[in-house]
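Student: got a predicted structure plus its sequence, pasted below:
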Amino acid sequence: MLSATHVKLGKLAAPVPLCACTKRTLALRRGLVVRAGDAPSTAQEKAQGARDPFPGEVGSNFTAKPLSEADTMHIIRPPHGMDKITGLRSRKCKPCEAGKTQALDSTTINALRNQVPGWQVTKDAAGRPCIRQEWKVLNFLSGLEFFRRVGALAEEEGHHPDLHLEGWNRVYIQLATHSVGGLTENDFILASKINDLDTSDLRPRPKAKAGGMIRG
Ligand SMILES: C[C@H](O)[C@H](O)[C@H]1CNC2=NC(N)=NC(=O)C2=N1
């Protein structure tokens with residue numbers, strides 16, 4: 001967790017002794033001081049490695065605009081006793097046996113949603129629970145290519161998402177298990193694998209943030 005760390009000002013070699021507030025001003029200008037709550041810059045994050053997510057990021061399940069860089073590495077700690085569920089990406093969807101497969105309860109859904117950052121738990125047009133994620137793509141054909149890659153994954157898993165391409169460059173995917181009319185582990189397994197797809201060539205590059213650490 002990047003706390004209100006005051007990076008050592010030792011590097012700020014000044015020809016004349018400066019008072020503390022001047023040093024701090026200079027340090028702020030050189031981006032050497034991180035106040036509590038500041039979103040760290042990419043350089044700081046790279047130096048720090050992954051960090052615990054901010055409460056706002058957890059609350060929105062990472063769907064709100066990231067408080068720092070879009071490619072921030074978050075430490076996703078599975079809730080205690082969820083070891084049997086973590087590792088969704090390494091699991092395989094199982095064919096749903098009508099009448100046998102039950103829809104997941106809200107406790108399990110809430111535990112699983114933390115394993116698939118970017119996916120929101122919501123309801124589909126018929127009011128049934130589903131998970132949904134949106135992306136912006138470069139253009140209409142990038143959207144179709146996005147669907148092609150997701151489609152190949154869905155065929156491999158035998159579990160299929162609802163694909164939406166709107167306004168030529170907005171894609172959203174909804175996942176639910178139609179045969180049970182709700183969410184099952186299959187939906188979270190597929191969501192996790194969709195998150196692992198490399199689609200960076202199909203989406204606008206995240207804007208680099210202004211500012212950030214100036215190396216002394
Ligand atoms: C037999 C096969 O497992 C079923 O038809 C699968 C196919 N893909 C599926 N996809 C989704 N999202 N829900 C299902 O219930 C479903 N059932």
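Tutor: Happy to help now that I have it.
Student: torsion angles phi and psi at Gln174?
Tutor: phi -120, psi 140 (degrees, to the nearest 10).
Student: just the buried positions in the strand ranked longest in the chain, please.
Tutor: Using DSSP state E, we find that the single longest strand of the chain is strand 129-136. Neighbour-count burial for strand 129-136 flags Pro129, Cys130, Ile131, Arg132, Gln133, Trp135 (criterion: 16 or more other Cβ atoms under 10 Å). Glycine gets a C-beta too; all of them are placed from N, C-alpha and C.
Student: just grab the bridge partners of the fourth one for me.
Tutor: It stands for Arg132. Beta-bridge partners for Arg132, by DSSP bridges, are Gln120, Gln174.
Student: who are the contact partners of it?
Tutor: Each residue near Arg132 by Cβ atoms under 8 Å, 6 or more residues apart in numbering is listed here: Trp119, Gln120, Thr122, Tyr172, Ile173, Gln174, Leu175.
Student: just Asn195 next, same as before
Tutor: Asn195 sits next to Arg89, Val116, Pro117, Gly118, Trp119 when contact means Cβ under 8 Å, 6+ apart.
Student: pretty sure the fourth one is touching Ile173, no?
Tutor: It stands for Gly118. No: using Cβ atoms under 8 Å, Gly118 is not in contact with Ile173, being 10.4 Å away.
Student: those two - which one has more neighbours?
Tutor: Using other Cβ atoms under 10 Å as the criterion, Gly118 and Ile173 rank with Ile173 on top: 22 against 16.
Student: ok, and the closest non-adjacent residue to the more buried one?
Tutor: Excluding the flanking residues, the one nearest Ile173 by Cβ to Cβ, 6 or more residues apart in numbering is Pro161, at 4.8 Å.
Student: and for Asp162?
Tutor: Using Cβ to Cβ, 6+ apart, the nearest residue to Asp162 is Gln174, at 4.3 Å.
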